[in-house]
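In: please find the sequence and the predicted model below.
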Amino acid sequence: MEDAKPTKQSRLNGKEEAQPMKRNKQRVLMLSSRGVTSRMRHLMKDLECLLPHTKKDSKLDVKSQLYLLPELADLNNCNNCLFFEARRHEDLYLWAVKTPNGPSIRMHVQNIHTMDELKMTGNCLKGSRGLLSFDAAFDQDEHWRLTKELFTHIFGVPPGARRSKPFIDHILSFSILDGKIWFRNFQIMEKDPLQPEGPPTMSLVEIGPRFVLTPIKIFEGAFNGAVVYRNEEFIAPAKLRRAGPHTKMDRYRKKLFAAKERDERKAARALPEDEFSVPKVFG
């Protein structure tokens with residue numbers, strides 16, 4: 001009987017040499033721009049606790065030094081980047097980038113709720129690895145599939161990563177609703193907290209943080225390049241704020257116009273004066 005051929009081995013000069021196993025070496029550089037608020041900083045701290053394979057760097061000036069981010073990622077031995085861009089101390093944008101060659105996704109962050117704000121009962125081990133759960137809608141369009149692949153590289157903690165624990169006790173959920181990406185974090189509960197001595201029952205408990213991402217543009221390169229996707233339905237929050245006073249002015253104009261039309265209709269319905277009226281006969 002012939003011997004079975006060895007798997008994952010190569011023959012060199014008549015000798016068999018085992019090929020090394022490929023390791024998942026995903027590292028993420030996380031940094032922000034100047035002008036971030038306390039809530040934005042708390043969100044970054046929460047994400048740093050959930051992603052132990054991240055490296056933080058100092059703040060960066062967005063207007064003139066955005067091109068330096070791929071070089072900073074290379075200096076920190078990172079092949080992914082999460083850059084939080086703050087505008088006007090109230091608007092937050094998130095860059096999810098695969099360095100050094102791209103692609104890049106720029107998203108608007110809304111409805112931010114940190115772990116301290118939610119105050120939920122669940123808890124997960126700091127540095128533990130999490131499972132990634134993507135909505136089925138991510139497989140429908142090209143830009144959603146690209147977003148799913150990029151999020152898998154960034155939010156998927158590789159085994160044996162720095163500061164990571166060999167445990168899986170939470171799930172990072174990404175869902176699509178109304179053209180937005182809804183992020184949730186759930187802890188995996190193996191027992192009912194009300195019955196600790198009872199039979200094991202698997203359940204999920206949300207522990208935060210939570211936020212909503214609106215994709216704006218997808219670039220071919222890292223922080224630059226050709227635009228491969230553009231969200232035509234997105235309106236910048238600054239434009240919405242500028243349109244607020246004009247909307248109130250339009251409502252006031254409509255109110256004045258309606259009052260003028262009402263007076264004209266009332267004047268048109270008025271009957272002509274009768275010559276046999278009481279004031280004329282007995283006046």
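Out: It's in.
In: show the contacting residues for the residue nearest the centre of the chain.
Out: Nearest to the mean C-alpha position of the chain, by C-alpha atoms, centre = their mean, lies residue 213 at 3.0 Å. By C-beta atoms under 8 Å, 6 or more residues apart in numbering, the residues touching residue 213 are 94, 107-110, 180-181, 183. For glycine as for every other residue, the C-beta is placed from the backbone atoms N, C-alpha and C.
In: repeat for residue 167
Out: Taking C-beta under 8 Å, 6+ apart, one finds 125, 128-129 in contact with residue 167.
In: so which of those residues are in strands?
Out: Using DSSP state E, 128-129 are the members of these that sit in strands.
In: ok, of the contacts of residue 167, which come out buried?
Out: 128-129 (16 or more other C-beta atoms under 10 Å).
In: show me which of the contacts of residue 167 is closest to residue 50.
Out: Nearest to residue 50 out of these is residue 128 (C-beta to C-beta; 8.9 Å).
In: and the closest one, bridged to which residues?
Out: Residue 128 forms beta bridges with residue 165, as assigned by DSSP bridges.
In: let's verify the residue nearest to residue 110 when sequence neighbours are not counted: helix, strand, or coil?
Out: Spatial nearest neighbour of residue 110, chain neighbours left out: residue 212 (4.6 Å); criterion: C-beta to C-beta, 6 or more residues apart in numbering. With DSSP: H, G, I helix; E, B strand; the rest coil as the basis, residue 212 sits in strand.
In: who's residue 212 bridged to?
Out: Beta-bridge pairing for residue 212 (DSSP bridges): residue 110, residue 182.
In: dump the residue contacts of it.
Out: Taking C-beta under 8 Å, 6+ apart as the criterion, residue 212 is in contact with 109-111, 180-183.
In: tell me the buried residues within the contacts of residue 213.
Out: Among these, those buried by neighbour count (16+ other C-beta under 10 Å) are 94, 107-109, 180-181, 183.
In: so which of the residues you listed is the closest to residue 138?
Out: For the buried ones among the contacts of residue 213, the nearest to residue 138 is residue 181 (9.0 Å; C-beta to C-beta).
In: I figured the closest one hits residue 108, correct?
Out: No - in this structure residue 181 lies outside contact range of residue 108 using C-beta atoms under 8 Å: 10.5 Å.
In: that older thread, kindly reformat the contacts of residue 167 as a markdown table containing pLDDT and distance to residue 74.
Out: Shown next, in a markdown table, are the contacts of residue 167 (pLDDT from 0 to 100; distance: C-beta to C-beta, whole Å):
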| residue | pLDDT | distance to residue 74 |
| --- | --- | --- |
| 125 | 84 | 31 |
| 128 | 89 | 28 |
| 129 | 89 | 25 |
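In: got the contacts of residue 167 as JSON lines, with distance to residue 62 columns?
Out: Output for those, formatted as JSON lines (distance: C-beta to C-beta, whole Å):
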{"residue": "125", "distance to residue 62": "35"}
{"residue": "128", "distance to residue 62": "33"}
{"residue": "129", "distance to residue 62": "32"}
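In: can you pull out the low-pLDDT segments for this structure?
Out: For the chain, residues meeting the criterion pLDDT under 70 lie at 1-22, 63-64, 193, 244-248, 271, 273-274, 276, 278, 281, 283.
In: contacting residues around residue 183?
Out: 172-174, 209-213.
In: one more time with 6 Å
Out: Listed by C-beta atoms under 6 Å, 6 or more residues apart in numbering, the contact partners of residue 183 are residue 211.
In: what separation do you get for it and residue 121?
Out: Using C-beta to C-beta, to the nearest Å, we find residue 183 at a distance of 20 Å from residue 121.
In: check the gap between the residue nearest to the centre of the chain and residue 161 for me.
Out: Residue 213 is 24 Å from residue 161, by C-beta to C-beta.
In: now swap in residue 175 and tell me
Out: 26 Å.
In: same thing with residue 282?
Out: 104 Å.
In: again with residue 268
Out: The value you get for residue 268 to residue 161, if C-beta to C-beta is used, is 80 Å.
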